[in-house]
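A.B. asks: next come a sequence and a model predicted from it.
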Amino acid sequence: MTIFGVHVGLQQTSTHELQQVWRRIEDLGFGWISVWDHFYGATLRPDDADCLEAVSMHTLLAATTTRVEVGCLVYCIGYRHPAVLAKAITAIDQVSGGRAAIGLGAGWAQLEYEIYGIPFASAGVRLDQLEEGVQVVRGLLHDEVTSFSGEWFQITEARNEPRPVQPRLPVWIGGGGEKRTLRIAAQYADGWNVPFIAPDDFAHKCRVLDRHCEEVGRDPRAIRRAVNVGLAFTEESLVQQFGNIAPYVKPGVLMGNNTQVVERIGEYVAAGADQVNIALRAPFHLDALEQFAQALGLGVR
């Protein structure tokens with residue numbers, strides 16, 4: 001059964017508005033809500049800094065909702081030590097009553113790194129950090145005692161107490177890199193997420209993930225696969241939401257009438273998507289989201 005979720009950006013909004021939006025999403029019958037991890041808005045302009053912090057908003061999301069799975073797609077491993085993230089997501093799982101999920105990524109927003117004084121390493125180093133970091137997070141979330149000695153992260157007989165509510169809190173990997181990211185997902189992830197790609201590209205990456213799973217001896221069915229897509233019934237809405245990056249994300253944006261949108265969703269499911277998330281950002285057009293929910297036959301609460 002396909003899970004439908006909403007991925008909510010934290011730019012140009014308020015905590016009060018977010019709570020209203022999250023409650024409405026839950027009422028519309030979606031099964032997942034996630035936030036992003038950025039310090040600046042999606043344009044990544046130096047003057048576009050109106051953006052709320054992710055761990056705090058993830059916690060607020062957990063406290064505001066009662067039913068949906070609550071995640072972050074994805075925390076940047078370069079911004080926070082993985083042991084600290086494991087402690088944070090454990091608390092969020094307790095706040096939510098066992099509904100939390102954590103996503104991890106290698107990071108890419110060079111402007112944020114530089115402005116906040118965080119070293120922006122090469123892609124290879126950032127992926128090395130991701131591969132080490134996900135092992136630290138998994139160990140602290142899933143095991144009673146964890147030791148890890150890597151180049152970037154070291155922990156010694158570390159405990160994470162009190163424990164998460166869930167005996168196996170889901171760990172996601174985000175990104176579409178076929179050589180490293182998908183291999184890391186195959187080896188360590190419970191879920192994999194990629195944003196704004198067309199169904200045929202998603203199907204290709206699923207095949208790559210399957211091959212990596214075979215190589216590491218993992219059942220590919222053990223990894224939940226999700227795609228983040230935009231929702232813009234018109235070209236005007238597309239540009240309003242995504243600005244200058246609209247042409248780049250358009251292959252992964254649902255457009256047209258209700259029938260066309262539902263058909264496009266079917267293409268993603270046929271391509272291997274277990275979960276489809278609508279990427280929503282302010283100004284929030286909840287009428288369009290409600291129209292989408294009705295087209296899918298989600299139950300309004």
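C.D. replies: Thanks, I have the structure now.
A.B. asks: can you give me the helices for the protein?
C.D. replies: 15-27, 54-64, 82-96, 110-115, 123-142, 181-188, 199-216, 235-242, 246-249, 258-271, 286-296 (DSSP state H).
A.B. asks: need the winner for burial among those.
C.D. replies: Most buried of the helices of the chain, by mean neighbour count (mean count of other C-beta atoms under 10 Å): helix 181-188, with a mean of 23. For glycine as for every other residue, the C-beta is placed from the backbone atoms N, C-alpha and C.
A.B. asks: helices or strands next to it in the packing?
C.D. replies: The contact analysis (3 or more C-beta pairs under 8 Å, 6 or more residues apart in numbering; DSSP states H and E) places helix 181-188 against helix 123-142, strand 171-174, helix 199-216.
A.B. asks: hmm, try it at 10 Å
C.D. replies: strand 102-105, helix 123-142, strand 171-174, strand 191-195, helix 199-216 (3 or more C-beta pairs under 10 Å, 6 or more residues apart in numbering; DSSP states H and E).
A.B. asks: Thr66: which of those is closest?
C.D. replies: With C-beta to C-beta, the closest approach to Thr66 among these belongs to strand 102-105: 19.9 Å.
A.B. asks: what's that closest one packed up against?
C.D. replies: strand 69-72, strand 75-76, helix 82-96, helix 123-142, strand 171-174, helix 181-188, strand 191-195.
A.B. asks: wait, which of those is closest to Gln291?
C.D. replies: Closest approach to Gln291 among these (C-beta to C-beta): strand 191-195, 21.8 Å.
A.B. asks: adjacent strands (with direction) for that closest one?
C.D. replies: The strands that strand 191-195 pairs with in its sheet are strand 171-174 (parallel), strand 224-231 (parallel) (by DSSP bridges).
A.B. asks: mind checking which of the ones you listed is nearest Arg67?
C.D. replies: strand 224-231 (18.2 Å).
A.B. asks: and the worst-scoring helix or strand of the chain on mean pLDDT, what does it pack against?
C.D. replies: Least confident element among the helices and strands of the chain, by mean pLDDT, DSSP states H and E: helix 235-242 (a mean of 80). Identification of packing neighbours for helix 235-242 by 3+ C-beta pairs under 10 Å, 6+ apart yields strand 224-231, helix 246-249, strand 253-254, strand 275-280.
A.B. asks: once you drop chain neighbours, what's closest to Gly243?
C.D. replies: Nearest non-adjacent residue to Gly243, counting by C-beta to C-beta, 6 or more residues apart in numbering: Thr43, 5.8 Å away.
A.B. asks: residues near the one you found, how many?
C.D. replies: Neighbourhood size, Thr43 [other C-beta atoms under 10 Å]: 14.
A.B. asks: tell me which residue is most central in this protein.
C.D. replies: Leu73 (1.8 Å; C-alpha atoms, centre = their mean).
A.B. asks: could you tell me how far that one is located from Gln11?
C.D. replies: 15 Å (C-beta to C-beta, to the nearest Å).
A.B. asks: cool, and Asn193?
C.D. replies: Asn193 is 19 Å from Gln11, by C-beta to C-beta.
A.B. asks: same check, this time on Trp108
C.D. replies: On the measure of C-beta to C-beta, Trp108 and Gln11 end up 16 Å apart.
A.B. asks: who has more neighbours out of the two?
C.D. replies: Neighbour count, other C-beta under 10 Å: between Trp108 and Gln11, Gln11 has more, with 17 against 14.
A.B. asks: residues touching the more buried one, list them.
C.D. replies: Applying C-beta atoms under 10 Å, 6 or more residues apart in numbering, one finds that Gln11 lies in contact with 36, 38, 40-43, 48-52, 281-282.
A.B. asks: quick check: which of the strands paired with strand 191-195 is nearest to Val261?
C.D. replies: Of the strands paired with strand 191-195, nearest to Val261 by C-beta to C-beta is strand 224-231, at 7.6 Å.
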